[in-house]
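Colleague: Return a 3D structure for these sequence lines:
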Amino acid sequence: MPRRTKIVATMGPATDDPKMLDRIIEAGVDVVRLNFSHGDAKEHTARAEGIRNRARAHGRQVGVIVDLQGPKIRIERFKKGTVHLEEGTDFTLNASLGENEGDETQVGVAYKGLVNDVKRGDSLLLDDGRIVLWVDSVEGSKIKCRVTTGGELSDKKGINLQGGGLSAPSLTEKDKEDIKTAAKLKADYIAVSFPRGAQDMEEARNLLREAGGHGGVIAKIERAEALDKLEEIIEASDVVMIARGDLGVEIGDAALPPVQKHIISLARKMNRVVITATQMMESMKENPIPTRAEVFDVANAVLDGTDAVMLSAETATGKYPDKAIEAMDRVCRGAEKQRLVTKSDHRINTQFQNVDEAIAMAAMYTANHLGVKAIASLTETGSTPLWMSRISSGIPIYAMTSHVSTRRKVTLYRGVYPVSFDLNVTTDNYIEVTQEAIDELKRRGAVRDGDLVIVTRGDLTGVKGGTNAMKILRVGDMKLPE
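Modeller: Now for the predicted structure:
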């Protein structure tokens with residue numbers, strides 16, 4: 001049985017060697033992430049081309065996510081590269097200080113609007129919450145603070161406002177240029193950092209379309225205030241990413257687990273894809289095996305219904321990119337053996353809005369109750385397999401399409417596997433095309449004679465949302481007309 005949960009791996013210096021690309025593909029990577037917070041357009045384009053070339057050599061489809069940097073809410077640099085802040089001492093964030101002029105008493109800030117967003121009594125969390133500053137006063141360009149949690153602080157560390165509320169726009173001028181790069185390299189998704197509402201997602205989608213891109217948009221939930229507009233953000237997106245780093249800092253670590261479960265549940269309810277990200281196997285940057293806590297973290301995300309789990313520094317700069325993917329694959333498969341992962345009451349009391357959605361729900365209900373071995377979905381855009389994948393099931397869904405963009409898009413859908421297939425279906429050749437679809441599944445070892453298969457398709461090709469038929473077949477019983 002193929003793994004249903006998808007694995008996203010971030011590319012970086014550790015994956016640049018073509019031999020390592022082969023190893024991470026063999027280990028089971030489904031989608032790669034290009035982090036536009038680092039590197040330039042030329043570097044990212046080369047990485048996208050590299051993974052696609054090696055994936056083709058392996059007969060695989062690997063999706064590509066362009067992750068936009070978003071606003072740089074960071075401190076600037078120190079003269080000596082690092083300082084030690086003692087608890088109880090004074091420290092100033094100075095928006096007018098030079099970029100490299102920081103010392104033990106003050107440091108510059110990249111986000112000049114920070115002085116307008118904070119007030120006395122606020123807590124600023126630096127370096128993922130490792131350093132905590134209590135705001136004593138705001139005077140012109142200076143935010144005067146008292147150190148409440150001290151330690152080592154180095155250049156360019158991030159700043160979060162506890163409880164959220166920073167007003168920095170989600171899409172910067174750099175992001176807008178990077179969206180053009182994403183369109184040129186035909187990214188399958190762009191991820192928007194720090195969205196505040198649906199309008200940020202809509203703006204990103206419009207900019208991508210204007211640049212000629214056809215990928216989906218991913219909302220990274222990492223601001224506390226995004227939780228207040230969660231449904232509208234999910235509705236405006238194709239995918240939601242639970243970016244647990246900044247989100248956990250802003251809302252507090254104790255609040256993060258139930259929020260993660262809520263986001264996964266809500267995204268699936270709203271027929272959207274969900275990625276769980278950040279520090280899932282952090283220790284594997286240095287070690288060839290994960291900790292037991294990391295194993296439980298990945299497994300719990302799978303049990304909760306996440307479509308994908310993501311590796312960041314583990315694969316981008318870590319020592320063991322392929323082993324991190326292998327470990328994640330192993331844990332996902334183990335979790336997927338649990339019965340609750342294959343049972344669902346999703347939308348059992350809901351009115352369907354579209355014919356293709358109704359076909360998808362009927363197919364999954366039938367498959368889960370009839371002992372079906374596989375589902376072949378002849379699809380143009382991938383919407384029918386997406387709806388199917390919202391239903392918890394152990395039955396593989398094969399998205400059979402002639403469109404490479406659709407095949408890449410579905411690499412992120414839980415339990416859906418892309419298949420290159422000619423979609424030239426007509427009334428006259430439907431039986432023949434159906435037989436070819438089943439023959440393709442037989443060639444892949446997905447089914448054999450005697451197995452039950454469900455085939456979904458539309459009467460017309462090239463029509464989005466045109467799926468209107470479902471057929472149940474037993475492999476080996478179909479007879480083509482003479």
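
Colleague: For the residue nearest the centre of the chain, grab phi and psi.
Modeller: Centroid-nearest residue in the chain, with CA atoms, centre = their mean: residue 275, separated by 4.0 Å. Main-chain torsions, residue 275, degrees, to the nearest 10: phi -110, psi 130.

Colleague: show me the contacts for it.
Modeller: Contact partners of residue 275, counting by CB atoms under 8 Å, 6 or more residues apart in numbering, are 8, 218, 239, 240, 241, 242, 306, 307, 308, 309, 310, 412. For every residue, glycine as well, the C-beta is placed using N, CA and C.

Colleague: Count the neighbours of the last one for me.
Modeller: Read it as residue 412. Other residues lying near residue 412 total 27 when counted by other CB atoms under 10 Å.

Colleague: what does the third one give?
Modeller: When neighbours are counted by other CB under 10 Å, residue 239 registers 23.

Colleague: Likewise for the fourth one?
Modeller: Counted with other CB under 10 Å, the burial measure for residue 240 works out to 26 neighbours.

Colleague: now do the fifth one
Modeller: Other residues within reach of residue 241, judged by other CB under 10 Å, total 29.

Colleague: so where does it fall, helix or strand?
Modeller: strand 239-243 (DSSP states H and E).

Colleague: what's in contact with that strand?
Modeller: Under the contact criterion CB under 8 Å, 6+ apart, strand 239-243 has outside partners 189, 191, 193, 216-222, 233-234, 259-260, 263-264, 267, 272-278, 307, 310, 412.

Colleague: Which of those residues fall in strands?
Modeller: Here DSSP state E is the test, and the contacts of strand 239-243 give 189, 191, 216-221, 273-277, 310 as lying in strands.

Colleague: can you list those in CSV and add pLDDT and distance to residue 447?
Modeller: Listed next are these as CSV, based on pLDDT from 0 to 100; distance: CB to CB, whole Å:
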residue, pLDDT, distance to residue 447
189, 98, 30
191, 98, 36
216, 97, 30
217, 98, 35
218, 98, 33
219, 98, 37
220, 98, 38
221, 97, 38
273, 98, 26
274, 98, 29
275, 98, 30
276, 98, 31
277, 97, 34
310, 98, 31
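
Colleague: Residue 43: which of those residues is nearest?
Modeller: Closest approach between the ones in strands among the contacts of strand 239-243 and residue 43, by CB to CB: residue 191, at 17.6 Å.

Colleague: which ones are touching residue 422?
Modeller: Contacts for residue 422 (CB under 8 Å, 6+ apart) come out as 402, 433, 436.

Colleague: Skipping adjacent residues, who's closest to the first one in space?
Modeller: On the basis of CB to CB, 6 or more residues apart in numbering, the spatially nearest residue to residue 402 that is not a chain neighbour turns out to be residue 423, at 4.7 Å.

Colleague: For that neighbour, which three-state class applies?
Modeller: Assigned by DSSP: H, G, I helix; E, B strand; the rest coil, the conformation of residue 423 is coil.

Colleague: ok, so what distance separates it from residue 36?
Modeller: Distance, residue 423 to residue 36, by CB to CB, to the nearest Å: 34 Å.

Colleague: With residue 329 instead?
Modeller: 27 Å.

Colleague: out of those two, which sits in the busier spot?
Modeller: Using other CB under 10 Å as the criterion, residue 329 and residue 36 rank with residue 36 on top: 25 against 18.

Colleague: ok, now which ones touch that one?
Modeller: The contact partners of residue 36, by CB under 8 Å, 6+ apart, come to 44, 66, 67, 68, 69, 175, 178, 181.

Colleague: Redo the contacts of residue 275 as CSV? Include distance to residue 24.
Modeller: Listed next are the contacts of residue 275 as CSV, based on distance: CB to CB, whole Å:
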residue, distance to residue 24
8, 11
218, 21
239, 21
240, 25
241, 20
242, 23
306, 20
307, 19
308, 15
309, 15
310, 14
412, 16
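
Colleague: Let me know the closest of the residues you listed to residue 101.
Modeller: residue 241 (35.4 Å).

Colleague: what's around residue 420, how many residues?
Modeller: For residue 420, the tally of surrounding residues (other CB under 10 Å) stands at 13.

Colleague: low pLDDT regions in the stretch 351-482 of the chain?
Modeller: Confidence mapping of the stretch 351-482 of the chain against pLDDT under 70 gives the ranges 351-352, 425-428, 459-465, 478-482.

Colleague: just so I have it, where are all the strands in it?
Modeller: Secondary structure of the stretch 351-482 of the chain (DSSP state E, counting those that start in this stretch): strands located at 374-378, 397-401, 416-420, 452-458, 467-474.

Colleague: The last one pairs with which strands?
Modeller: Here the strand partners of strand 467-474, with direction, are listed using DSSP bridges: strand 452-458 (antiparallel).

Colleague: tell me which residues in the partner strand are buried?
Modeller: Of the residues in strand 452-458, 452, 453, 454, 455, 456, 457, 458 count as buried by neighbour count, 16 or more other CB atoms under 10 Å.

Colleague: okay if I get these as TSV plus distance to residue 249?
Modeller: Below are the buried residues of strand 452-458 laid out as TSV (distance: CB to CB, whole Å):
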residue	distance to residue 249
452	50
453	48
454	45
455	48
456	44
457	48
458	47
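
Colleague: State the pLDDT value of residue 38.
Modeller: With respect to pLDDT, residue 38 scores 89.

Colleague: number of nearby residues for it?
Modeller: Neighbour tally, residue 38, other CB under 10 Å: 14.

Colleague: Find me whatever residue is spatially closest to it, sequence neighbours aside.
Modeller: When the adjacent residues along the chain are set aside, residue 38 lies closest to residue 12, with 7.3 Å between them (CB to CB, 6+ apart).

Colleague: confidence score at that neighbour?
Modeller: pLDDT, read off for residue 12, is 96.

Colleague: backbone phi and psi for it, please?
Modeller: Per-residue torsions, residue 12: phi -170, psi -160 (degrees, to the nearest 10).

Colleague: Next: residue 186.
Modeller: Torsion angles, degrees, to the nearest 10, at residue 186: phi 60, psi 50.

Colleague: so what pLDDT did it get?
Modeller: On the pLDDT scale, residue 186 is placed at 97.

Colleague: and what of residue 198?
Modeller: On the pLDDT scale, residue 198 gets 97.

Colleague: what's the spacing between it and residue 265?
Modeller: 20 Å.

Colleague: Tell me which of those two has more neighbours.
Modeller: A direct count of neighbours by other CB under 10 Å for residue 198 and residue 265 places residue 198 higher, at 17 against 13.

Colleague: Neighbours of the nearest residue to the more buried one once chain neighbours are set aside, how many?
Modeller: Counting by CB to CB, 6+ apart, residue 198 lies nearest to residue 236, which is 3.8 Å off, once chain neighbours are set aside. The local packing of residue 236 (other CB under 10 Å) involves 22 other residues.

Colleague: wait, doesn't residue 236 sit right on residue 219?
Modeller: Yes - proximity of residue 236 to residue 219 meets the contact threshold set by CB atoms under 8 Å, at 7.4 Å.

Colleague: okay, and the common contacts of the two?
Modeller: With CB under 8 Å, 6+ apart as the test, residue 236 and residue 219 both reach residue 201.
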